[in-house]
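Asker: with the sequence up front, the predicted model follows.
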Amino acid sequence: MAKDQKKENPIPEEEQDLNGPAPEQEAEAGTAETPGEGGDAIQEEEPQKDQGQLLAEAADKYLRLAAEYDNYRKRTAKEKENAWSEAKAQTVAAFLPVYDNLERALKQETADEAYKKGVEMTMKGLQDALTGLGVEMIPALGETFDPNRHNAVMHCDDGEAGESTIVEVFQQGFICGDKVIRFSMVKVAN
């Protein structure tokens, strides 16, 4: 009797058809596949493909993230450099009227040598400060006119000077790296 009870299935036959064969029936029928046979071998390869695909996708995501971060790092470094250059240019531009006034003061004749020496020393200090910031004067007098660096406010006919040669500088121009802080105001020969 014990053998008969083990073979009996507590699930009614109608439900067995819907749920598939009961595990005991599979074992009795010998339909269970061994690991080396068809069905399980395919099932084992699919998870390996999925893992390979997942690994490839993860590697791709990592490379994209690394590239995005590198671009972000470069972009922020460039923005910092541009912000620094712009701030430096604005600061220097604020001091250029002082430079112009000192230059005018040096051109004036004076009998007081101590006063003249003081103005010269002040001008030298300002020029050294500008040089320390990487600011340079734009060469103008005797140079060929360059619209990217010079602002022509007058033209003249001068037979001695060559065509498009700067013959007079009204206001000195300054440049910092490739950025023009102020254009030179010049007179150009035709």
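Answerer: Nice, thanks for sending it over.

Asker: rest of the way, CA atoms for contacts and neighbours
Answerer: Noted.

Asker: residues contacting Val167?
Answerer: Going by C-alpha atoms under 8 Å, 6 or more residues apart in numbering, Val167 touches Leu141, Gly142, Ala161, Val186, Lys187, Val188, Ala189.

Asker: which strand or helix spans it?
Answerer: Taking DSSP states H and E as the definition, one finds Val167 inside strand 166-171.

Asker: quick check: next helix or strand after that strand?
Answerer: Downstream of strand 166-171, the first helix or strand assigned by DSSP H and E is strand 174-176.

Asker: what strands line up against that next one, and which way round?
Answerer: Applying DSSP bridges to the sheet, strand 174-176 is found paired with strand 135-137 (antiparallel), strand 179-182 (antiparallel).

Asker: in CSV, list those strands along with distance to Ala89.
Answerer: Output for the strands paired with strand 174-176, formatted as CSV (distance: least, C-alpha to C-alpha, whole Å):
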stretch, distance to Ala89
strand 135-137, 9
strand 179-182, 6
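
Asker: related to what we said a few turns ago, from the contacts of Val167, which is closest to Pro97?
Answerer: Checking the contacts of Val167 against Pro97 with C-alpha to C-alpha, the nearest one is Val186 at 17.1 Å.

Asker: report pLDDT for that closest one.
Answerer: At Val186, the model reports a pLDDT of 94.

Asker: now do it against Thr110, distance only.
Answerer: Distance of Val186 to Thr110, computed by C-alpha to C-alpha, to the nearest Å: 27 Å.

Asker: quick one: which of these two has more around it?
Answerer: Per other C-alpha atoms under 10 Å, whichever of Val186 and Thr110 has more neighbours is Val186, with 24 against 11.

Asker: quick check: phi and psi on the most centrally placed residue in the chain?
Answerer: Most central in the chain under C-alpha atoms, centre = their mean is Arg75, positioned 1.7 Å from the mean C-alpha point. Main-chain torsions, Arg75, degrees, to the nearest 10: phi -60, psi -40.

Asker: and the strand holding Val167, which strands flank it?
Answerer: Applying DSSP bridges, strand 166-171 is found paired with strand 184-189 (antiparallel).

Asker: now the partner strand - C-alpha only, CSV.
Answerer: Below are the C-alpha coordinates for strand 184-189, written out as CSV (Å, rounded to 0.1, in the frame of the first residue of the first chain):
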residue,chain,number,x,y,z
SER,A,184,46.7,100.9,-30.8
MET,A,185,45.2,104.2,-32.2
VAL,A,186,47.5,105.1,-35.1
LYS,A,187,48.0,107.3,-38.1
VAL,A,188,48.7,105.3,-41.3
ALA,A,189,50.5,106.5,-44.5
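
Asker: if we go by neighbour counts, what in that strand is buried?
Answerer: Of all the residues in strand 184-189, those buried under the rule 16 or more other C-alpha atoms under 10 Å are Ser184, Met185, Val186, Lys187, Val188, Ala189.
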